[in-house]
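**Q** have a look at this prediction, sequence included:
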2 protein chains.
Amino acid sequence: MSFITEASEAIRESGGRLTSQRRLILELLQESEEHFDAEGLYHQAHERDASVSLATVYRTLNMLKEAGLIDQRYFSREHGREYYEPVAAHEHYHFTCQRCHKVIEFESRLVDQIRQELEAKLGVQMNHTCMCFEGICETCRHNPKNGEEID
Amino acid sequence: MSFITEASEAIRESGGRLTSQRRLILELLQESEEHFDAEGLYHQAHERDASVSLATVYRTLNMLKEAGLIDQRYFSREHGREYYEPVAAHEHYHFTCQRCHKVIEFESRLVDQIRQELEAKLGVQMNHTCMCFEGICETCRHNPKNGEEID
DNA sequence: GTATGTGCAAAACCTTTGCTATAAA
DNA sequence: TTTATAGCAAAGGTTTTGCACATAC
């Protein structure tokens, strides 16, 4: 089932309405299948339909997050801005290059094990994990040009 | 070497000045040896010296962060507010209880291994790791009273 | 004396919200 | 027709900054 179909059904099931703005945003999300933030999404949407507002983008993102259709992440060290991505089949994590700002996705058995270890060791119930990794990617490590001191 | 001594030297070495406001803030940090945010620190400082401003607290925290004397962390899922703590001998991580808001520190060999695994697997140079864990602590799990639906 | 640091208030930033008009069902 | 949603602009919450004055060195 496509993202748009799934999201449309979720909206309808909860008594929501499939407005033209929401449809446009869903299309953009499905097309991109990448990481995006509210502002980037807003710019794309606004290009196609100048009537779309930033508030609607935020409201739609929150709605999709509540519905469990997108995940909210942080990518930069400062975490000043929220990013989103479609919910993926298996958990994965992100490494952001501080120089070229490329985001590398990866999976790790170790990361997955942490939850279990903590639940066992601390006796807690883990509901949410947030991890960001930052540094210099392989390409940039081998290209010391491109200026800018990092860390 | 005490935190105050170390910080004072760092300030002087970088051509900075040990103002009364900075001295007060350093004292509070050394006393607390805990997690704190800008506002909490500001309130404490302001009690002892009503002339201390929030701006100075922020500036001092940033200075100490740059100097590598305190670490900046996030404890809540939303990351709306920055927390700080003295730089510790060994890396540790934090689990925050969503019900009682207690913060549990822990160490984990697994967490530490992730860096190495990623450096090997992705060929990156890891400069910064940010992790937050949230859920329900053991105590709260066994005390289903206290209302509030969580997640 | 000279630069660095301070307080204040305003700005910056991202996100949310109140209100009225609009449009989906 | 009814009620959810849109747009707008204003407010929210946290952190930063410009500026003139104060102060450590």
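**A** All right, it came through fine.
**Q** mind checking the SS state of the spatially most central residue of chain A?
**A** Nearest to the mean C-alpha position of chain A, counting by CA atoms, centre = their mean, stands residue A:84 at 2.2 Å. Recorded secondary structure, residue A:84: strand (DSSP: H, G, I helix; E, B strand; the rest coil).
**Q** could you report the separation of it from residue B:40?
**A** The gap separating residue A:84 from residue B:40 is 31 Å, by CB to CB, to the nearest Å. Any C-beta I mention is one placed from the backbone N, CA and C, and that applies to glycine too.
**Q** next: residue A:121.
**A** Distance from residue A:121 to residue B:40, counting by CB to CB: 29 Å.
**Q** neighbour count: those two, which is higher?
**A** residue B:40 (17 against 11; other CB atoms under 10 Å in any protein chain shown).
**Q** surely the more buried one is within a helix?
**A** Yes - Residue B:40 sits within a helix when classified using three-state DSSP.
**Q** now the longest strand seen in chain A against strand B:125-136, angle please.
**A** Taking DSSP state E as the assignment, the strand of chain A that covers the most residues is strand A:125-136. Between the direction of strand A:125-136 and that of strand B:125-136, the angle (axes from the mean of the first three to the mean of the last three CA atoms, to 10 degrees) works out to 170 degrees.
**Q** now the following helix or strand past strand A:125-136: buried residues?
**A** Past strand A:125-136, further along toward the C-terminus, the next helix or strand under DSSP states H and E is helix A:138-141. Burial within helix A:138-141, assessed by neighbour count using 16 or more other CB atoms under 10 Å in any protein chain shown, is assigned to residue A:140.
**Q** now do the least confident helix or strand in chain A by mean pLDDT: distance to the chain's middle.
**A** Scoring the helices and strands of chain A by mean pLDDT, DSSP states H and E places helix A:109-122 at the bottom, with a mean of 87. Relative to the chain's own centre, helix A:109-122 is displaced by 23 Å; criterion: CA atoms, centre = their mean, to the nearest Å.
**Q** equivalent analysis for stretch A:84-94, please.
**A** Averaged C-alpha coordinates place stretch A:84-94 at 7 Å from its chain's average position (CA atoms, centre = their mean).
**Q** and the contacts of the helix or strand hosting residue A:105?
**A** Element membership of residue A:105 [criterion: DSSP H and E] is strand A:103-106. Contacts to strand A:103-106, defined as CB atoms under 8 Å, 6 or more residues apart in numbering or on different chains, come from residues A:35, A:75, A:92-97, A:137, B:118, B:121-122, B:124.
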